[in-house]
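K.L.:
Next input, structure requested:
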Amino acid sequence: MSSFLPPRGRGTASNPHNRFAPNRSVAEDDGWHQEAPVTQGTEVMFETAKTIITRNQSPDLPFDRSINPYRGCEHGCIYCYARPSHAYWDMSPGLDFETRLIAKTNAADLLEQQLSKRGYVCAPINLGSNTDPYQPIEREQRLTRQLLEVLLRYRHPVTIVTKGSLILRDLDLLKQLAEQRLVSVMISLTTLDDELKRILEPRAAAPKARLRAIRVMREAGIPVGVLCSPMIPMINDMELEHLLAEAHAAGAVSANYMMLRLPLEVAPLFEEWLHAHYPQRAEHVLSLIRQSRGGELYDSRFGSRMRGEGVFAQLLAQRFAKAIKRFGLERREGYRLDCTAFCPPGQQMSLL
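P.N.:
Reported below is the predicted structural model:
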(Lines give C-alpha, C1' and ligand atoms only; values in the text may rest on other atoms or scores of the structure.)
Protein backbone atom coordinates (compact mmCIF):
# COMPACT_ATOMS: atom_id res chain seq x y z
CA MET A 1 0.00 0.00 0.00
CA SER A 2 2.84 2.42 0.79
CA SER A 3 3.98 2.41 -2.86
CA PHE A 4 0.75 4.19 -3.79
CA LEU A 5 1.21 7.01 -1.28
CA PRO A 6 2.02 10.32 -3.00
CA PRO A 7 5.11 12.46 -2.45
CA ARG A 8 4.72 14.92 0.39
CA GLY A 9 2.16 17.61 -0.45
CA ARG A 10 0.83 15.90 -3.58
CA GLY A 11 -2.48 14.26 -4.35
CA THR A 12 -1.27 11.23 -6.31
CA ALA A 13 1.83 9.08 -6.64
CA SER A 14 0.97 8.00 -10.16
CA ASN A 15 1.69 9.39 -13.59
CA PRO A 16 -0.58 7.33 -15.84
CA HIS A 17 0.02 7.07 -19.58
CA ASN A 18 -0.95 10.05 -21.70
CA ARG A 19 -3.68 8.56 -23.90
CA PHE A 20 -2.60 10.64 -26.91
CA ALA A 21 1.10 9.68 -26.79
CA PRO A 22 2.25 7.16 -29.45
CA ASN A 23 4.79 5.55 -27.08
CA ARG A 24 4.51 4.27 -23.55
CA SER A 25 7.25 4.11 -20.89
CA VAL A 26 7.25 1.40 -18.21
CA ALA A 27 9.37 1.72 -15.05
CA GLU A 28 11.49 -1.34 -14.25
CA ASP A 29 13.58 -2.17 -11.17
CA ASP A 30 17.25 -1.64 -12.07
CA GLY A 31 18.53 -3.48 -9.03
CA TRP A 32 19.84 -0.38 -7.28
CA HIS A 33 16.76 -0.06 -5.07
CA GLN A 34 16.65 3.71 -5.49
CA GLU A 35 14.08 5.47 -3.34
CA ALA A 36 11.56 7.89 -4.83
CA PRO A 37 12.06 11.51 -3.73
CA VAL A 38 10.07 12.51 -0.65
CA THR A 39 9.08 15.77 -2.29
CA GLN A 40 8.15 16.69 -5.84
CA GLY A 41 8.90 20.22 -6.98
CA THR A 42 6.66 22.41 -9.10
CA GLU A 43 7.73 23.32 -12.63
CA VAL A 44 6.09 26.35 -14.23
CA MET A 45 6.18 26.68 -18.02
CA PHE A 46 5.06 29.74 -19.90
CA GLU A 47 2.67 29.92 -22.83
CA THR A 48 1.80 32.74 -25.22
CA ALA A 49 -1.85 31.84 -25.69
CA LYS A 50 -3.75 32.49 -28.92
CA THR A 51 -7.14 32.91 -27.27
CA ILE A 52 -8.27 33.34 -23.68
CA ILE A 53 -12.09 33.17 -23.51
CA THR A 54 -13.42 29.61 -23.70
CA ARG A 55 -17.05 29.12 -24.75
CA ASN A 56 -19.40 26.32 -23.73
CA GLN A 57 -23.00 25.34 -24.42
CA SER A 58 -23.45 23.08 -21.41
CA PRO A 59 -26.93 23.26 -19.84
CA ASP A 60 -25.31 22.20 -16.55
CA LEU A 61 -23.31 25.41 -16.20
CA PRO A 62 -24.64 28.87 -15.22
CA PHE A 63 -22.23 30.61 -17.63
CA ASP A 64 -21.37 30.30 -21.30
CA ARG A 65 -17.79 31.61 -21.17
CA SER A 66 -14.79 31.22 -18.91
CA ILE A 67 -11.11 32.03 -18.52
CA ASN A 68 -8.41 29.73 -17.16
CA PRO A 69 -5.10 31.58 -16.76
CA TYR A 70 -3.34 28.33 -15.86
CA ARG A 71 -3.17 24.77 -17.14
CA GLY A 72 -2.77 22.18 -14.40
CA CYS A 73 -3.35 22.95 -10.74
CA GLU A 74 -0.94 22.83 -7.82
CA HIS A 75 -3.74 22.20 -5.32
CA GLY A 76 -3.47 18.54 -6.34
CA CYS A 77 -7.09 17.55 -5.60
CA ILE A 78 -7.23 13.84 -6.33
CA TYR A 79 -10.81 14.06 -7.63
CA CYS A 80 -10.26 16.98 -10.05
CA TYR A 81 -12.30 16.48 -13.22
CA ALA A 82 -9.84 18.74 -15.09
CA ARG A 83 -6.96 16.26 -14.82
CA PRO A 84 -7.63 14.60 -18.22
CA SER A 85 -7.11 17.95 -19.99
CA HIS A 86 -3.37 17.74 -19.26
CA ALA A 87 -3.09 14.89 -21.76
CA TYR A 88 -3.71 17.40 -24.57
CA TRP A 89 -0.36 19.00 -23.67
CA ASP A 90 1.56 15.71 -23.86
CA MET A 91 1.63 15.37 -20.08
CA SER A 92 0.09 12.93 -17.62
CA PRO A 93 -3.20 13.67 -15.82
CA GLY A 94 -1.53 12.27 -12.71
CA LEU A 95 1.45 13.82 -10.97
CA ASP A 96 2.24 16.00 -14.01
CA PHE A 97 -1.11 17.78 -13.62
CA GLU A 98 -0.16 19.09 -10.19
CA THR A 99 3.59 19.59 -10.68
CA ARG A 100 4.07 20.66 -14.32
CA LEU A 101 1.99 23.80 -14.73
CA ILE A 102 1.51 26.23 -17.61
CA ALA A 103 0.94 29.95 -17.13
CA LYS A 104 -0.65 31.98 -19.94
CA THR A 105 1.51 35.04 -19.58
CA ASN A 106 -0.41 37.18 -22.09
CA ALA A 107 -3.84 36.44 -20.59
CA ALA A 108 -4.72 40.04 -19.69
CA ASP A 109 -3.63 41.48 -23.05
CA LEU A 110 -5.61 38.80 -24.90
CA LEU A 111 -8.70 39.51 -22.82
CA GLU A 112 -8.54 43.19 -23.67
CA GLN A 113 -8.24 42.33 -27.36
CA GLN A 114 -11.18 39.93 -27.29
CA LEU A 115 -13.42 42.36 -25.41
CA SER A 116 -12.74 44.99 -28.08
CA LYS A 117 -13.79 42.78 -31.00
CA ARG A 118 -16.71 44.03 -33.04
CA GLY A 119 -19.87 42.17 -32.11
CA TYR A 120 -18.74 41.02 -28.67
CA VAL A 121 -21.81 40.64 -26.45
CA CYS A 122 -21.24 41.10 -22.73
CA ALA A 123 -22.13 38.27 -20.32
CA PRO A 124 -20.46 37.19 -17.06
CA ILE A 125 -17.08 35.49 -17.49
CA ASN A 126 -16.23 32.73 -15.03
CA LEU A 127 -12.75 32.37 -13.54
CA GLY A 128 -12.05 28.90 -12.20
CA SER A 129 -14.05 26.56 -14.42
CA ASN A 130 -11.16 24.17 -15.13
CA THR A 131 -8.29 24.98 -12.76
CA ASP A 132 -8.17 27.23 -9.73
CA PRO A 133 -7.33 30.88 -10.54
CA TYR A 134 -5.93 31.29 -7.00
CA GLN A 135 -3.68 28.25 -6.86
CA PRO A 136 -0.30 28.87 -5.16
CA ILE A 137 1.63 30.00 -8.27
CA GLU A 138 -0.79 32.93 -8.64
CA ARG A 139 1.10 34.57 -5.77
CA GLU A 140 4.08 35.14 -8.09
CA GLN A 141 2.45 35.12 -11.54
CA ARG A 142 -0.47 37.47 -10.67
CA LEU A 143 -2.35 36.56 -13.87
CA THR A 144 -5.73 36.41 -12.14
CA ARG A 145 -5.20 39.85 -10.65
CA GLN A 146 -4.26 41.24 -14.08
CA LEU A 147 -7.46 39.79 -15.53
CA LEU A 148 -9.55 41.38 -12.77
CA GLU A 149 -7.91 44.74 -13.46
CA VAL A 150 -8.99 44.53 -17.12
CA LEU A 151 -12.53 43.47 -16.22
CA LEU A 152 -12.85 46.32 -13.71
CA ARG A 153 -11.45 48.85 -16.18
CA TYR A 154 -14.12 47.99 -18.74
CA ARG A 155 -16.90 47.24 -16.26
CA HIS A 156 -17.28 43.63 -17.30
CA PRO A 157 -19.04 41.19 -14.90
CA VAL A 158 -17.15 38.17 -13.57
CA THR A 159 -17.87 35.14 -11.40
CA ILE A 160 -15.13 33.34 -9.47
CA VAL A 161 -14.89 29.80 -8.09
CA THR A 162 -11.92 29.02 -5.87
CA LYS A 163 -10.70 27.07 -2.86
CA GLY A 164 -7.73 29.41 -2.46
CA SER A 165 -7.58 31.94 0.38
CA LEU A 166 -5.22 33.99 -1.81
CA ILE A 167 -8.36 35.62 -3.20
CA LEU A 168 -8.24 38.00 -0.21
CA ARG A 169 -5.13 39.59 -1.72
CA ASP A 170 -7.39 41.06 -4.40
CA LEU A 171 -9.99 42.40 -1.98
CA ASP A 172 -9.40 45.95 -3.26
CA LEU A 173 -10.42 45.00 -6.81
CA LEU A 174 -13.29 42.76 -5.69
CA LYS A 175 -14.78 45.55 -3.56
CA GLN A 176 -14.77 47.93 -6.52
CA LEU A 177 -16.36 45.29 -8.75
CA ALA A 178 -18.98 44.51 -6.11
CA GLU A 179 -19.91 48.18 -5.74
CA GLN A 180 -20.89 48.13 -9.44
CA ARG A 181 -22.60 44.71 -9.26
CA LEU A 182 -19.88 43.15 -11.40
CA VAL A 183 -18.72 40.18 -9.30
CA SER A 184 -19.88 37.18 -7.32
CA VAL A 185 -17.69 34.54 -5.67
CA MET A 186 -18.17 30.90 -4.76
CA ILE A 187 -15.79 29.36 -2.25
CA SER A 188 -15.40 25.62 -2.70
CA LEU A 189 -15.64 23.90 0.70
CA THR A 190 -15.21 20.13 0.64
CA THR A 191 -14.55 19.18 4.24
CA LEU A 192 -14.00 20.64 7.71
CA ASP A 193 -11.61 17.83 8.61
CA ASP A 194 -8.00 19.06 8.30
CA GLU A 195 -6.61 15.54 7.91
CA LEU A 196 -9.04 14.67 5.12
CA LYS A 197 -8.24 17.98 3.43
CA ARG A 198 -4.54 17.15 3.63
CA ILE A 199 -4.86 13.93 1.63
CA LEU A 200 -7.79 14.97 -0.57
CA GLU A 201 -6.67 18.51 -1.54
CA PRO A 202 -3.05 18.67 -0.37
CA ARG A 203 -2.10 22.22 -1.38
CA ALA A 204 -5.48 23.92 -1.11
CA ALA A 205 -6.29 26.33 1.71
CA ALA A 206 -7.32 24.89 5.06
CA PRO A 207 -11.07 24.75 5.85
CA LYS A 208 -10.78 27.55 8.43
CA ALA A 209 -8.97 29.74 5.91
CA ARG A 210 -11.78 29.29 3.37
CA LEU A 211 -14.41 30.13 5.97
CA ARG A 212 -12.40 33.22 6.88
CA ALA A 213 -12.33 34.20 3.19
CA ILE A 214 -16.13 33.98 3.11
CA ARG A 215 -16.40 36.10 6.25
CA VAL A 216 -13.97 38.80 5.08
CA MET A 217 -15.53 39.10 1.63
CA ARG A 218 -19.05 39.26 3.00
CA GLU A 219 -18.02 42.02 5.43
CA ALA A 220 -16.53 43.86 2.44
CA GLY A 221 -19.88 43.72 0.62
CA ILE A 222 -18.88 41.07 -1.92
CA PRO A 223 -21.61 38.53 -2.79
CA VAL A 224 -20.15 35.17 -1.76
CA GLY A 225 -21.59 31.69 -1.66
CA VAL A 226 -20.37 28.20 -0.87
CA LEU A 227 -19.91 25.27 -3.25
CA CYS A 228 -19.89 21.90 -1.49
CA SER A 229 -18.06 19.97 -4.16
CA PRO A 230 -17.51 17.19 -4.69
CA MET A 231 -19.71 15.18 -2.39
CA ILE A 232 -18.10 11.74 -2.12
CA PRO A 233 -20.15 8.84 -0.71
CA MET A 234 -18.86 7.64 2.67
CA ILE A 235 -15.93 10.09 2.54
CA ASN A 236 -17.40 13.56 3.08
CA ASP A 237 -21.12 13.38 2.29
CA MET A 238 -21.90 13.08 6.02
CA GLU A 239 -20.50 16.63 6.43
CA LEU A 240 -22.97 18.31 4.04
CA GLU A 241 -25.22 19.95 6.64
CA HIS A 242 -22.25 20.96 8.80
CA LEU A 243 -20.49 22.53 5.80
CA LEU A 244 -23.59 24.57 4.98
CA ALA A 245 -24.05 25.61 8.61
CA GLU A 246 -20.46 26.84 8.92
CA ALA A 247 -20.61 28.65 5.58
CA HIS A 248 -23.87 30.34 6.60
CA ALA A 249 -22.34 31.41 9.91
CA ALA A 250 -19.39 32.89 8.01
CA GLY A 251 -21.74 34.96 5.83
CA ALA A 252 -22.40 32.93 2.68
CA VAL A 253 -25.61 34.03 0.93
CA SER A 254 -26.05 31.08 -1.43
CA ALA A 255 -25.00 27.47 -1.83
CA ASN A 256 -24.66 24.70 -4.36
CA TYR A 257 -23.20 21.19 -4.48
CA MET A 258 -21.99 18.60 -6.97
CA MET A 259 -21.51 14.86 -6.83
CA LEU A 260 -18.08 13.36 -7.44
CA ARG A 261 -17.20 13.14 -11.14
CA LEU A 262 -14.61 10.62 -12.37
CA PRO A 263 -14.04 11.12 -16.11
CA LEU A 264 -11.36 9.21 -18.04
CA GLU A 265 -8.06 8.98 -16.10
CA VAL A 266 -9.56 10.43 -12.91
CA ALA A 267 -11.35 7.14 -12.13
CA PRO A 268 -8.23 4.93 -11.75
CA LEU A 269 -6.39 7.70 -9.90
CA PHE A 270 -9.25 8.04 -7.42
CA GLU A 271 -9.52 4.26 -7.01
CA GLU A 272 -5.81 4.08 -6.22
CA TRP A 273 -6.21 6.91 -3.69
CA LEU A 274 -9.15 5.13 -2.04
CA HIS A 275 -7.31 1.84 -1.65
CA ALA A 276 -4.25 3.66 -0.26
CA HIS A 277 -6.08 5.80 2.32
CA TYR A 278 -9.37 3.96 2.97
CA PRO A 279 -8.73 0.30 2.07
CA GLN A 280 -11.51 -1.08 4.28
CA ARG A 281 -14.26 1.05 2.82
CA ALA A 282 -12.96 1.47 -0.76
CA GLU A 283 -15.27 -1.07 -2.38
CA HIS A 284 -18.29 0.32 -0.55
CA VAL A 285 -17.50 3.84 -1.75
CA LEU A 286 -17.07 2.64 -5.34
CA SER A 287 -20.33 0.69 -5.12
CA LEU A 288 -22.26 3.80 -4.04
CA ILE A 289 -20.67 5.80 -6.86
CA ARG A 290 -21.76 3.17 -9.40
CA GLN A 291 -25.27 3.16 -7.94
CA SER A 292 -25.37 6.91 -8.58
CA ARG A 293 -23.93 6.65 -12.10
CA GLY A 294 -26.04 3.99 -13.79
CA GLY A 295 -23.70 1.16 -12.85
CA GLU A 296 -20.54 2.94 -14.03
CA LEU A 297 -17.98 5.12 -12.28
CA TYR A 298 -18.86 8.06 -14.54
CA ASP A 299 -21.89 9.27 -16.45
CA SER A 300 -21.22 12.19 -18.83
CA ARG A 301 -24.85 12.91 -19.71
CA PHE A 302 -26.01 16.49 -19.32
CA GLY A 303 -28.57 16.84 -16.56
CA SER A 304 -27.25 13.97 -14.44
CA ARG A 305 -23.45 14.29 -14.42
CA MET A 306 -23.41 17.01 -11.74
CA ARG A 307 -25.91 15.44 -9.31
CA GLY A 308 -26.09 11.75 -10.14
CA GLU A 309 -29.19 9.55 -9.97
CA GLY A 310 -30.56 6.73 -7.88
CA VAL A 311 -31.38 6.41 -4.19
CA PHE A 312 -28.15 7.82 -2.77
CA ALA A 313 -28.15 10.83 -5.11
CA GLN A 314 -31.83 11.52 -4.39
CA LEU A 315 -31.23 11.39 -0.64
CA LEU A 316 -28.28 13.80 -0.98
CA ALA A 317 -30.44 16.20 -3.03
CA GLN A 318 -33.19 16.11 -0.38
CA ARG A 319 -30.72 16.75 2.42
CA PHE A 320 -29.25 19.70 0.52
CA ALA A 321 -32.67 21.22 -0.24
CA LYS A 322 -33.75 21.02 3.40
CA ALA A 323 -30.47 22.42 4.68
CA ILE A 324 -30.34 25.47 2.40
CA LYS A 325 -33.95 26.26 3.29
CA ARG A 326 -33.11 26.01 7.00
CA PHE A 327 -30.08 28.29 6.65
CA GLY A 328 -31.62 30.71 4.15
CA LEU A 329 -29.08 29.90 1.44
CA GLU A 330 -31.56 29.80 -1.45
CA ARG A 331 -30.95 33.44 -2.34
CA ARG A 332 -29.37 34.26 -5.68
CA GLU A 333 -28.99 38.04 -5.56
CA GLY A 334 -25.24 37.71 -5.92
CA TYR A 335 -25.65 36.32 -9.41
CA ARG A 336 -27.71 39.20 -10.82
CA LEU A 337 -24.73 40.97 -12.28
CA ASP A 338 -24.90 44.13 -14.36
CA CYS A 339 -24.00 43.71 -18.03
CA THR A 340 -25.33 47.12 -19.09
CA ALA A 341 -22.35 49.14 -17.83
CA PHE A 342 -19.82 47.32 -20.05
CA CYS A 343 -17.71 49.73 -22.09
CA PRO A 344 -15.45 47.95 -24.62
CA PRO A 345 -11.81 49.00 -24.95
CA GLY A 346 -11.46 52.03 -27.17
CA GLN A 347 -14.96 53.37 -26.49
CA GLN A 348 -15.82 56.43 -24.42
CA MET A 349 -17.14 55.61 -20.95
CA SER A 350 -20.16 57.41 -19.59
CA LEU A 351 -19.44 60.14 -17.07
CA LEU A 352 -22.68 59.35 -15.22
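
K.L.:
ok, how many other residues are close to residue 293?
P.N.:
23 (other C-beta atoms under 10 Å). For glycine as for every other residue, the C-beta is placed from the backbone atoms N, C-alpha and C.

K.L.:
right, and it touches residue 308 too?
P.N.:
Yes - between residue 293 and residue 308 there is a contact under C-beta atoms under 8 Å: 6.2 Å.

K.L.:
where do the contact lists of those two overlap?
P.N.:
Common contacts of residue 293 and residue 308 (C-beta atoms under 8 Å, 6 or more residues apart in numbering): residue 299.

K.L.:
what's near enough to touch residue 277?
P.N.:
Neighbours of residue 277 in contact, by C-beta under 8 Å, 6+ apart: residue 199.

K.L.:
Check the one 4 residues further on too.
P.N.:
For residue 281, the contact set (C-beta under 8 Å, 6+ apart) comprises 234, 274.

K.L.:
And the pLDDT for the closest residue to residue 267 other than its chain neighbours?
P.N.:
Take residue 267 and drop its neighbours on the chain: the residue closest to it by C-beta to C-beta, 6 or more residues apart in numbering is residue 297, 4.6 Å away. pLDDT, residue 297: 94.

K.L.:
in the stretch 251-352 of the chain, which spans are helices?
P.N.:
In the stretch 251-352 of the chain, the segments counted as helices under DSSP state H, counting those that start in this stretch are 266-277, 282-291, 311-327.

K.L.:
out of these, nearest to residue 344?
P.N.:
helix 311-327 (37.5 Å; C-beta to C-beta).

K.L.:
what's the angle from the closest one to helix 282-291?
P.N.:
Here the directions of helix 311-327 and helix 282-291 differ by 80 degrees (axes from the mean of the first three to the mean of the last three C-alpha atoms, to 10 degrees).

K.L.:
got the contact list for the closest residue to residue 9 other than its chain neighbours?
P.N.:
Nearest non-adjacent residue to residue 9, counting by C-beta to C-beta, 6+ apart: residue 202, 5.2 Å away. Taking C-beta under 8 Å, 6+ apart, we find residue 202 in contact with 6, 9-11, 75-76.

K.L.:
7 Å - rerun?
P.N.:
9-11, 76 (C-beta atoms under 7 Å, 6 or more residues apart in numbering).

K.L.:
do the same with residue 87
P.N.:
18-20, 93.

K.L.:
Confirm that it sits in a strand.
P.N.:
No - read with DSSP: H, G, I helix; E, B strand; the rest coil, residue 87 is helix and lies in no strand.

K.L.:
Now do stretch 279-286: distance to the chain's middle.
P.N.:
Its chain's C-alpha centre and that of stretch 279-286 lie 25 Å apart, by C-alpha atoms, centre = their mean, to the nearest Å.

K.L.:
Go ahead and confirm residue 43 touches residue 100.
P.N.:
Yes - counting by C-beta atoms under 7 Å, residue 43 touches residue 100, with 5.0 Å between them.

K.L.:
Who has more neighbours out of the two?
P.N.:
Using other C-beta under 10 Å, the more surrounded residue of residue 43 and residue 100 is residue 100, with 19 against 11.

K.L.:
Let me see the backbone angles for that one.
P.N.:
Residue 100 adopts backbone torsions of phi -120, psi 90, taken as degrees, to the nearest 10.
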